[in-house]
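Colleague: one predicted model, sequence on top.
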Amino acid sequence: MEKQLIVIHHFITKYFEPANIAEKAKSPSAEYCYGYQNTDTQGCYITTTKLEIGCKSMEEHLEDHEKLLKIAAFNTAEVNGTYIGQINMINVSSFSGPLGLIWGYDLAPPDDLRSELCFTPPKLPVYNIEPLLRASQSLFGTVSHRRFPLMAGAHVPCAIKEAYSLDPNTNKPTSGWLWSFLSFVIAENRDTDACSIVEDAGFLADSNSMNVNISEREVRDELESKLKNVIYCQDLARRNMCSPYKEIFAGYKCQYIPPGSVGCALTCAPYVLLAKGVYPNKDAKTLASMNLASWEEAMPPPPSVIKTL
């Protein structure tokens, strides 16, 4: 078989300059982050992460309204943990390119970013994604303590997958295990290649005879196997595209949804613009030089939100 010669062109232009990208990827607001393309940033944006499961007890008058139950469960997943409530999600693909920075990796990385090595497939170390998720929660805040949340009603591009605790045969709410999964592959050459995101979610229903009495340990073993399969798949994609990767951050959440409840597993990567208040002394270079702990020290504590009924 005749061998093919593959030539990869390396551009002279250096696109990946974190401080320059951070300077451009600003929202017009001092208090709120915006969705990417809500204003002109010359193509620059920030990629954030969220991995969550929401569970809502069914009200009697909603038992036969599957769509309304799914909405309630989805909204719960949006506001649990990292707060991304009240936004218009736009489903897009899953790449963070040379004009994108990753919050918790390029900006405000936690000190323990690489503290937990999950496993090492050929040439690619895989770390626990929890520090990345924690950094995004520190940026946006929680439902009761919002630091720099997304502007209510903002249109936000997101790489997103969700799953619901519905019986696969009847489409009615049922008990079982919900899970959500997120993998973030970091490109070796950030000037020419994109980082790749894989998001997935699913449900193991008790009503499926194969899953009766399935234990949390069995669910986690299955998800660990899935994680490894996704990583090897991403490694294959890397070789197909001749795009070397540097490292991977991956992880999952799972939760048992009891009878009488409806759940939603949500995994997403919102592409956003940072609130002006995110920048210490209004300086992008300072922000680009800080770890998560030093950034948090420079920020005021997130204010409490008064709950109303």
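Modeller: Great, that's in hand. Numbering: from 1, shown residues only.

Colleague: the helices in the stretch 1-150 of the chain, which residues?
Modeller: For the stretch 1-150 of the chain, applying DSSP state H, counting those that start in this stretch gives helices covering 18-24, 66-79, 130-140.

Colleague: now the element after the last one, going C-ward?
Modeller: Of the helices and strands lying after helix 130-140 in sequence (DSSP states H and E), the nearest is strand 155-164.

Colleague: now the following helix or strand past that following strand against helix 130-140, angle please.
Modeller: For strand 155-164, the following helix or strand on the C-terminal side (DSSP H and E) is strand 176-187. Here the directions of strand 176-187 and helix 130-140 differ by 90 degrees (axes from the mean of the first three to the mean of the last three Cα atoms, to 10 degrees).

Colleague: any buried residues in the next helix or strand after strand 176-187, and which?
Modeller: Next along the chain after strand 176-187, taking DSSP H and E as the criterion, comes strand 195-205. Within strand 195-205, the residues that count as buried by 16 or more other Cβ atoms under 10 Å are 195-205. No exception for glycine: its C-beta is placed from N, CA and C like everyone else's.

Colleague: dump strand 195-205 to PDB, keeping only the CA atoms.
Modeller: The C-alpha trace of strand 195-205 is given here as PDB (Å, rounded to 0.1, in the frame of the first residue of the first chain):
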ATOM      1  CA  CYS A 195      -9.400  21.000  23.100                       C
ATOM      2  CA  SER A 196     -12.100  18.400  22.900                       C
ATOM      3  CA  ILE A 197     -15.100  17.900  25.200                       C
ATOM      4  CA  VAL A 198     -17.200  14.700  25.500                       C
ATOM      5  CA  GLU A 199     -20.400  15.000  27.500                       C
ATOM      6  CA  ASP A 200     -22.800  12.100  28.200                       C
ATOM      7  CA  ALA A 201     -25.700  11.200  30.500                       C
ATOM      8  CA  GLY A 202     -27.900   8.200  31.000                       C
ATOM      9  CA  PHE A 203     -30.300   6.200  33.300                       C
ATOM     10  CA  LEU A 204     -30.400   2.700  34.600                       C
ATOM     11  CA  ALA A 205     -34.000   2.000  35.500                       C
END
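
Colleague: deepest-packed of the helices of the stretch 1-150 of the chain, please.
Modeller: helix 130-140 (a mean of 22; mean count of other Cβ atoms under 10 Å).

Colleague: please report the distance of the residue minimising distance to the centre of the chain from A288.
Modeller: Closest residue to the average C-alpha location of the chain: T49 at 2.5 Å, with Cα atoms, centre = their mean. Distance, T49 to A288, by Cβ to Cβ, to the nearest Å: 19 Å.
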